[in-house]
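Visitor: Dropping a prediction and its sequence here:
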Amino acid sequence: MNTFLTMENITKKFGDVYANRAVDLSVMAGEVHTLLGENGAGKSTLMNILSGLYHPTKGHIYLRGHKVKIHSPAQAVKLGIGMVHQHYMLVEAMTVFENIILGTTKHKSFFIQKDKIKNELLALSAKYGLDIEIDKPINEISVGAQQRVEIMKALYRGAELLILDEPTAALTDIEVESLFRIIRRLTSEQKTVIFISHKMREVLEISDRITILRAGQTIATLIKSETTAAELAHLMIGRELITSEYEKKTVNRELILQLDQASFNATSKHNGLNAVSLTVGAGEVLGIAGVDGNGQSQLAQLVTGLIAPDDGDVHLNNRKVARFTPAHFIASKVSHIPEDRNKMGLIGNMTVKENLLLKSLNSSRFSYGKGWLLRRRQIAMHAREIRQTYDIRCASVEQEIRNLSGGNQQKTILARELERDIDLLVAVHPTRGLDIGATKYVHDKVIEARDRGCGVLLISADFDEVLKLSDRIAVMFEGEIVGVFPGINPPIHEISLAMAGKKQQTQDLAV
Amino acid sequence: MKMNTKVVQFLVPVLSILFSFFIGAILIASIGGNPIEAFQFLFKGAFGTKANIGETIVKATPLIFTGLAATFAYKCGVFNLGAEGQFVMGAVVTIWLSSIQLGLPRIPMLMLSIVAGAVAGGLWGAIPGVLKITRGLNEMIVSIMLNYIAILFMGFLYSGPLREDNLPQTAQVIVKLPRIIAKTRVHVGIVIALVVAFLIYYFMFHTAYGFKLRSVGLNRRAAQVNGFPVKTLMLLSFIVSGAIAGLGGSVELLGTQYRLMAGFGEGFGFDGVAIALIGQLNPIGTLLVAYLFAILRTGATTMQVGTGLPTSVIDIIQALVIVFAVAGSALVNLPKIRQVLANWSAEPKKGQGN
């Protein structure tokens, strides 16, 4: 086989952060080449460079031995590179046919030569087993079919190399099988496929070769037949035991939060919870490890009242929760650092002062008559105090929060959530996008809350963070808790395997 | 920072008005008129005599109500384009009360009429609200459709059951709002409008409920995560918005028009939306812009009489104010402009960033 694509020494910097650092990738014509790595390992950046969305800071790309510069997505298409994004780029109200020809100028004619193009598409469809109903609108076909439309779009534009970004994320098992059949048909016709995934089983089933990225760097390229799931998981996670600067606790105290076989949208592997049972005790950090999109968002929403379980129970302070509304959970002393601070945590157009007030509006400290007259002076004084103690860097507390840096925004949320009398803190990706200083600050505050006797449910896609802070670690995969591990001397190898979907014996730790 | 946000909020409408008059002047000159003379007549018409000043206030009164109605809904992030229908329904209930001969003394009758008008507007406004939060229907479309229903229903009344003799209009209301300035038509409605504006201002910026309402308007998801009853607040804002418009309809009927006939309330709803937007969704701004619109309306007639220029010139100026104000608001929100404004305003730069 010939080398189809070589990416050499690719480096991409965003500000001072390296998303890719001297990455090498070599893909043979007609192979399925998997890029394997955790969230933030640099897979997407690398593929965005290849499809012309980003320009590398350094490095070269060769296609069939010729050096190319890819300035734009249009040029990538011209070079025969087609990308199927994780979130499909389709116009819902238009038909499959219209979506496929959208923006193409293959036939140099003013009118759309509908019959001619249709025949071409049908031929493509038959050749690769794509099985598409060409005249249906997108919103009437299944997710799997939409994906096939995306593939067809790329093929119709003459793609020789197809990049599939987490193509199985939204599919059912049967749809995955049919996708794999299509991939095999493609490679048998000498098309080349780059497959992005972090699901070990699928990777081992479909790949010819596997390149592992970690922290923006190439770790290894392996031939499928010569490797094992264990080796891949180890290379992907790649950590030795880190010594945590925080003291871990093991004492069992009273339960704050208890989930009993809670299910939500249980058939969805990526946006659901399937009979999840877990507990968080007072003065304990339970860390949820796992690759993003295995139900962590739903877990966070469930224990903050944003969604109600379809089945199973949630207990707070040993009382069964009957009403699932955020207001009820807030009143039950649950605080929430939400996963998306701009969309869920803050009101960008409001000031720092106002954002600090969000959860204590009706308290007698800040208003007379249960909210009928806000005590402006008290509110401003409180905000200034918080600004001091939490070191929120802003021009004044009257500054709109959207103009602050991510770290200072997160400190504002922390202050709001921790300066209440709370029993449980639900922290979701609490340091996402923060620099080292701000991250340390958030970690210190979380541990401080724990040491005050607050239970903490920490959900993070950053495995290091989970290892560092957790007194116990539970691993989520496809909506289930697949293992619970101790936070002291955590068995990293086993945890990595669990994160990659290998079920195992839960250790002797009550869930 | 806050100071400067306020300065920008103030500058956008003011500059919009100046630009509009400038372009209006070019327009007048291009059709052979004398812009300076035209504007002199315009302002003479609005302010020239005591009666003129009064007339401007009378014209401003209903616009203040519909402007406030639009402001209130926008603040909660919902779009009430049905102020005209709610305005009409407020008036309809008021005239109905007047027609059934309750025999109440004047003051209680006036109070009952006004409150009933507000309730009717509130109920009419609740319809798009309920449909939105329970069925997910687009409130803009529903509220516009309800305008037609209200207007046609009013037409049915003044040409049917409540017709006066054989004219397509109702009888006069049996009680009228008292006039408050001698030799003008200014009635107590303007006082009610000012009180309502003040109450809305107080509610929005000095109570926890107004705070929550604004939160929902600015970031619905974050409001929900922070435990605010988003749907209830949205419904509340529809009802209050409708009630303000309904109150306006009642006041307009009792203070100025006295009877329903074709054209009652026409255009007030959409003018209200424009006024709210130009007024930067601030109750006080709404007052000022409603007054400006009234100046243009009273002045336009005088200008036409004095110079022979068509009143549509003034309509064009009014439309330009809307265009400039909306474009200006969009402009100051562009990332690059915002950057410039932020740099320009963040004088003490110490402690920025992290």
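Guide: Happy to help now that I have it.

Visitor: In contact with whatever residue of the stretch 351-500 of chain A ends up closest to chain B: list those residues for me.
Guide: Relative to chain B, the nearest point of the stretch 351-500 of chain A is residue A:371 (3.0 Å; CB to the nearest CB). To be clear about C-beta, it is placed using only N, CA and C from the backbone, and glycine gets the same treatment. Residue A:371 sits next to A:361, A:362, B:207, B:208, B:209 when contact means CB atoms under 8 Å, 6 or more residues apart in numbering or on different chains.

Visitor: for those, which one is nearest residue A:431?
Guide: Distance to residue A:431 across the contacts of residue A:371 (CB to CB) is lowest for residue A:361, with 27.7 Å.

Visitor: and the closest one, what element?
Guide: Using DSSP states H and E, residue A:361 sits within no helix or strand.

Visitor: same check, this time on residue A:263
Guide: In this assignment (DSSP H and E), residue A:263 forms part of strand A:255-264.

Visitor: Which of the helices or strands spans the residue in the stretch 151-300 of chain A that chain B sits nearest to?
Guide: Closest approach of the stretch 151-300 of chain A to chain B (CB to the nearest CB) occurs at residue A:300, with a separation of 10.3 Å. Under the criterion of DSSP H and E, residue A:300 resides in helix A:296-302.

Visitor: just checking, what packs against that helix?
Guide: Under the contact criterion of 3 or more CB pairs under 8 Å, 6 or more residues apart in numbering or on different chains; DSSP states H and E, helix A:296-302 touches strand A:255-264, strand A:273-281, strand A:424-428, strand A:455-459.

Visitor: Please name whichever of these is nearest to residue A:3.
Guide: Nearest to residue A:3, of the helices and strands packed on helix A:296-302 and by CB to CB, is strand A:455-459 at 41.5 Å.

Visitor: quick one: contacts of the closest one?
Guide: A:256-257, A:280-288, A:296, A:299-300, A:303, A:339, A:423-430, A:446, A:449-450, A:465-466, A:469-470.

Visitor: How about the helix or strand just after it, which residues are buried there?
Guide: Going down the chain from strand A:455-459, the next helix or strand is helix A:463-469, by DSSP H and E. For helix A:463-469, the neighbour count (16 or more other CB atoms under 10 Å in any protein chain shown) marks A:463, A:465, A:466, A:467, A:468, A:469 as buried.

Visitor: which other residues reach whichever strand or helix holds residue A:126?
Guide: Residue A:126 belongs to helix A:114-128 when assigned by DSSP H and E. For helix A:114-128, the surrounding residues in contact (CB under 8 Å, 6+ apart) are A:97, A:100-101, A:106-107, A:130-132, A:134, A:151-152, A:155-156, A:182, A:185-186, A:189.

Visitor: Now, of the residues you listed, which are buried?
Guide: Among these, those scoring as buried are A:97, A:100, A:101, A:130, A:132, A:134, A:151, A:152, A:155, A:156, A:182, A:186 (criterion: 16+ other CB under 10 Å).

Visitor: quick one: the strands in the stretch 151-300 of chain A?
Guide: Ranges of strands within the stretch 151-300 of chain A are A:161-165, A:192-197, A:209-214, A:217-223, A:255-264, A:273-281, A:285-289, based on DSSP state E, counting those that start in this stretch.

Visitor: right, and the ones you listed - which one's nearest residue B:29?
Guide: Taking CB to CB, strand A:161-165 is the member of those nearest to residue B:29, at 60.2 Å.

Visitor: same for that closest one, what does it pack against?
Guide: Taking 3+ CB pairs under 8 Å, 6+ apart as the contact cut, strand A:161-165 packs with helix A:43-50, strand A:81-84, helix A:143-156, strand A:192-197.

Visitor: Also compute the angle for it relative to helix A:143-156, please.
Guide: 150 degrees (axes from the mean of the first three to the mean of the last three CA atoms, to 10 degrees).

Visitor: Could you check the angle strand A:161-165 makes with helix A:43-50?
Guide: 150 degrees.

Visitor: if we can go back for a sec, can you give me the buried ones in the helix holding residue A:126?
Guide: With burial defined by 16+ other CB under 10 Å, the residues of helix A:114-128 counted as buried are A:117, A:121, A:124, A:125, A:128.

Visitor: Next one, pLDDT for the nearest residue to residue A:200 once chain neighbours are set aside please.
Guide: Nearest non-adjacent residue to residue A:200, counting by CB to CB, 6 or more residues apart in numbering or on different chains: residue A:500, 4.1 Å away. pLDDT, residue A:500: 77.
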